[in-house]
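> Please work out how this folds:
(2 chains)
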Amino acid sequence: MTHHTHEDTAPPEAAATDHRRLLEIRGVSKEYVSVKGASVRALDDVNLDIGDGEIIAIIGPSGCGKSTLLRMVAGLDTDYEGTIEWTRAPRPGRDIGFVFQEPALLPWRTVARNVSLGIEVQKDRSDLPTDRVDQLLELVGLRDFAKSYPKELSGGMRQRVAIVRALAYDPRILLMDEPFGALDAITRDKLHDDILRIWAATRKTIVFVTHSVEEAAYLADRVVVMSPRPGRLRSVHQVPLDRNRDAATRQLPVFAEFAGMLRGELA
Amino acid sequence: MSSTTERRDRALPLLVGAASLAGGVGLWWALAAFSGLPSYVLPSPGQLVTRAVSLWQAGGLSIHLQQTLAEVLQGVALGSVIGIALAVLFVRVGWIERLLMPIIVVIQVTPKISIAPLIVLWLGLGIGSKITLITLVTFYPVLINMVGKLRGMPSTMHDLADVLNIRRGRRALLIDLPYSLPALAAGLRVGVLQAVTAAVIGEFIGAQAGLGYLEKQAQDNDDIQVVMICLILLSAIGWALYTLVGLIERKLTERFGG
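Numbering: from 1, shown residues only, chains lettered A, B, ... in the order given. Predicted coordinates:
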């Protein structure tokens, strides 16, 4: 099912060696009936292990089912064959942070109250520090905007709020569905560094879907390449960079080479 | 420069509106003065004002005005609450909508004026029958507008609630209700005008007070002046409520809109 096009390509089934396994996607397929009545195979026999603390990028052309796969992991899509097995089952509303393509902030709540939404609705979160929201806003440079309303913020700021909202209740995994797709290039670069800073501070497992090979190469430990119709794992690549990444990383030959290789796989 | 233009742009329609109203009153005045119609058929605006002032001083207007206002405000409040609650329920619990919608549609397609006698017979001549009638006409536009807004809620809002495991009542209070509140005003825009009509219908059919009751009494006594005073006051109530709803709509959209 999977094509190993590169020497350094790890087999898709393999878990990252230096991480404890967080979840295991086994033989996941999805079929749906299109408007015209034809049966469409959206995902076909997807196998993937995700390790604790890993950053995984899923890239692929439109319609390859990458967002669908992410929604399945989040529990938002439960209609599929195969299994998604967690080492410890995620507790509803507590273990999964999700960042959508749009910020999806509640316009009647201030920035701080948007971020705290996930904490408010849980029974007892006295384990979290009382200044949790302030800390997170500080982490993405929005502390001064805690009392602002979403409509007073720029698109990039709103998406930052959406990211820390997903982190606020300290989930085990952060899932992001093309979180930077709607932003301009400069803002996107800033948010990339926000993500790296967040990871350094929290060591969260992060799985994100993107169109951009540079984004995948810059942020991820492993990059999952998918092919469309039916959506399959084409290959999984270990990113040949250590975790210390900054603007200079993008200038490295190895970065350019890796991104170019990914681009070749997508073509 | 731009602020002056802005002020002029805003002042102009107001000016034209005032001029149009003044023209209407002037025409009425001229008609009353020169048409040769007796003043008990067509009183002049001046005569009407004099009559209204003397009625007011005798205490013959304010109780009726208060009664009608009380009916409308309570009916609209009750209608709004019922409309909001039903909208949130309908969107979340499909079978409640399927169960209640046929009844609601039957009530709404029946002319309200034909329901009024029944409600007055059941609930009596007091304020209760009028509030019921007004509630009946206001909850519907509120319900329809709020349901429309809720059904158009972006799918990411639903996904967000699912990921955060916000369910049922919690979801209604934290997400659905605030999200759809701007649509409340849109529903009330229609609702308040129907509410004043419903109040008058109720008072015509059977009441002990209210501007509609007073107007009916005046009609029975061939007192055209009082009939006209009542209808002018009723139109003022309608206008005031309509303006108030516009104001509320702006505030709600500012606070809860995106």
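> closest point of the stretch 151-267 of chain A to chain B, which residue?
residue A:151 (6.5 Å; C-beta to the nearest C-beta). Where you see a C-beta, it was placed from the backbone N, CA and C, and this is true even at glycine.
> That residue belongs to a strand?
No: assessed with DSSP: H, G, I helix; E, B strand; the rest coil, residue A:151 is helix; it does not lie in a strand.
> pLDDT score for it?
Per-residue pLDDT puts residue A:151 at 94.
> what's the neighbour count on it?
Residue A:151 has 11 neighbouring residues, counting by other C-beta atoms under 10 Å in any protein chain shown.
> Relative to residue B:256, how far out is it?
Remark: distance between residue A:151 and residue B:256 (C-beta to C-beta, to the nearest Å) = 11 Å.
> do the same with residue A:217
Taking C-beta to C-beta, one finds residue A:217 at 42 Å from residue B:256.
> Give me the more crowded residue out of those two.
In this view residue A:217 and residue B:256 are compared by other C-beta under 10 Å, and residue A:217 has more residues nearby, 28 against 19.
> My read is that that one contacts residue A:262, right?
Yes: with contacts counted by C-beta atoms under 8 Å, residue A:217 reaches residue A:262, the gap being 6.5 Å.
> Now do the shared contacts for these two.
Common contacts of residue A:217 and residue A:262 (C-beta atoms under 8 Å, 6 or more residues apart in numbering or on different chains): residue A:223.
> Find the residues that touch each one of residue A:151 and residue B:256.
Here residue A:151 and residue B:256 have residue A:107 as joint contacts, going by C-beta under 8 Å, 6+ apart.
> tell me the centre residue of the chain?
Unless you meant another one, I'm taking chain A. Against the mean C-alpha coordinate of chain A, by C-alpha atoms, centre = their mean, the closest residue is residue A:208 at 2.1 Å.
> meant chain B actually
Short answer for chain B (C-alpha atoms, centre = their mean): residue B:192, at 1.3 Å.
> count of neighbours near residue A:123?
6.
> Let me know the secondary structure of it.
Under three-state DSSP, residue A:123 comes out as coil.
> Tell me the pLDDT of it.
Confidence for residue A:123, expressed as pLDDT, is 83.
> for chain A, what are the nearby residues on chain B?
Proximity of chain B to chain A, by C-beta under 8 Å from any C-beta of the partner chain, involves residues B:154, B:156-157, B:159-160, B:162-166, B:170, B:174-175, B:178-179, B:255-258.
> PyMOL command for the buried members of the residues you listed?
Those of these that count as buried under 16 or more other C-beta atoms under 10 Å in any protein chain shown are selected in PyMOL with:
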select buried, chain B and resi 156+157+159+160+162+163+164+165+166+174+175+178+179+256
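> Among the residues of chain B next to chain A, name the ones in helices.
B:156, B:157, B:159, B:160, B:162, B:163, B:170, B:178, B:179, B:255, B:256 (DSSP state H).
> Now render those residues as JSON lines, adding pLDDT.
Putting these into JSON lines (pLDDT from 0 to 100) gives the following:
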{"residue": "B:156", "pLDDT": "94"}
{"residue": "B:157", "pLDDT": "94"}
{"residue": "B:159", "pLDDT": "95"}
{"residue": "B:160", "pLDDT": "96"}
{"residue": "B:162", "pLDDT": "95"}
{"residue": "B:163", "pLDDT": "95"}
{"residue": "B:170", "pLDDT": "91"}
{"residue": "B:178", "pLDDT": "93"}
{"residue": "B:179", "pLDDT": "94"}
{"residue": "B:255", "pLDDT": "89"}
{"residue": "B:256", "pLDDT": "90"}
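> Can you tell me the SS state at residue A:106?
Here residue A:106 is recorded as coil under three-state DSSP.
> Let me know how buried it is, in neighbour terms.
20.
> So it sits against residue A:118, correct?
No: assessed by C-beta under 8 Å, residue A:106 is found out of contact with residue A:118, at 11.7 Å.
> Next, the buried residues of the helix or strand harbouring residue B:22.
Assigned by DSSP states H and E, residue B:22 belongs to helix B:2-34. Applying a neighbour-count criterion of 16+ other C-beta under 10 Å, one finds B:28, B:32 buried in helix B:2-34.
> likewise stretch A:61-77?
Taking 16+ other C-beta under 10 Å as the criterion, stretch A:61-77 shows A:64-77 as buried.
> Distance across it, terminal residue to terminal residue?
End-to-end distance for stretch A:61-77, by C-alpha to C-alpha, to the nearest Å: 20 Å.
> which non-adjacent residue is nearest residue B:245?
residue B:188 (4.8 Å; C-beta to C-beta, 6 or more residues apart in numbering or on different chains).
> Can you report phi and psi for the one you found?
The phi and psi values for residue B:188, taken as degrees, to the nearest 10, are phi -70, psi -30.
> for residue A:106, what are its contacts?
Applying C-beta under 8 Å, 6+ apart, the residues near residue A:106 are A:114, A:117, A:150, B:175, B:178, B:179.
> And the residues you listed, which two are furthest apart?
A:150 and B:175 (14.4 Å; C-beta to C-beta).
> now the helices for chain B?
Ranges of helices in chain B, per DSSP H, are B:2-34, B:45-57, B:62-92, B:94-109, B:112-123, B:127-151, B:155-163, B:168-171, B:177-205, B:211-220, B:224-256.
> For the residue nearest to residue B:216 when sequence neighbours are not counted, give its distance to residue B:130.
With sequence-adjacent residues excluded and distances taken as C-beta to C-beta, 6+ apart, residue B:216 is closest to residue B:204, at 5.2 Å. Applying C-beta to C-beta, the value for residue B:204 to residue B:130 is 11 Å.
> Neighbour count: these two, which is higher?
Shown here are residue B:204 and residue B:130; by other C-beta under 10 Å, residue B:130 has more neighbours (35 against 17).
> residues contacting that one?
B:71, B:75, B:198, B:199, B:202, B:203, B:207, B:210.
> Now the residue of the stretch 51-200 of chain B found nearest chain A: closest residue in space that isn't a chain neighbour?
Chain A sits closest to residue B:165 of the stretch 51-200 of chain B, with a gap of 2.7 Å, by C-beta to the nearest C-beta. The shortest distance from residue B:165 to any non-neighbouring residue, by C-beta to C-beta, 6+ apart, is to residue A:93 (2.7 Å).
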